[in-house]
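>>> Show me how the following folds:
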Amino acid sequence: MDCCPGHDPNAGTNSSGFTALGGGFRWYFNAGDPYLSFSPPTGNAQFWTSSEQNDSTAWLRHLCVYHEDIYRANWKKANGSSIRLIKDLTTGINEGNGHLLFNVYPHPVTDILYVTVRNTEPSEIMLYDIFARQILQQTFTNSTTIKTEQLADGIYFYKLRNSDDKIESGKIIKQ
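Sure, this is the predicted structure:
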């Protein structure tokens, strides 16, 4: 990085031209309050994801200048946030827009992977290795556990599908 947050122009980029410097956010205090406040660019950065939590909130990623963590939080859509365009690498898994409310944890996984889905319909999880070979397919309702001690350490991709063929996908790291 060749510059600090708040410098104009905001030229803090890596060699590919990407910057993770915060672009600011808008804070809407109350539903009936017309007062809007825009916070200027800071060292912290928040980025919208394409996943909704519900009709009024979406998930975002938050980077902080004070530590190396990145975390996921929900944020009211009315508040607004930075938008950065990031090109995803192709994984061979078609990521749907099913908006299943689910949780796959822990990250990273060592022995047991927990999967929960917030519905009462049968769901299916498929697990793939980095060569897109399917190594597991399991049908469950509400939640399941997957024993992972037999898996080699590395990156794996999962695809969740419900009975309406809504699909969500992601990756896990096995250590």
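
>>> Who does the closest residue in space to K77 that isn't next to it in sequence form a beta bridge with?
Of all residues not flanking K77 in the chain, A58 sits nearest, at 5.5 Å (C-beta to C-beta, 6 or more residues apart in numbering). C-beta coordinates here come from the backbone N, C-alpha and C atoms, glycine included. Beta bridges link A58 to E52, W75 when assigned by DSSP bridges.

>>> Surely Y156 is within a strand?
Yes - under DSSP: H, G, I helix; E, B strand; the rest coil, Y156 falls within a strand.

>>> Hmm, M126 and it touching each other?
No - assessed by C-beta atoms under 8 Å, Y156 is found out of contact with M126, at 10.5 Å.

>>> circling back to that earlier point, does the residue nearest to K77 touch A73 like I think?
No - when contacts are counted by C-beta under 8 Å, A58 is not listed as touching A73 (10.1 Å).

>>> These two: which is more packed in?
More neighbours surround A58 than the other of A58 and A73, with 18 against 11 (other C-beta atoms under 10 Å).

>>> what separates the more buried one from L101, distance-wise?
Computed as C-beta to C-beta, to the nearest Å, the A58 to L101 distance reads 13 Å.

>>> count of neighbours near V104?
Neighbours around V104, by other C-beta under 10 Å: 19.

>>> ok, and the closest non-adjacent residue to it?
For V104, the closest residue by C-beta to C-beta, 6+ apart turns out to be V115, at 5.3 Å.
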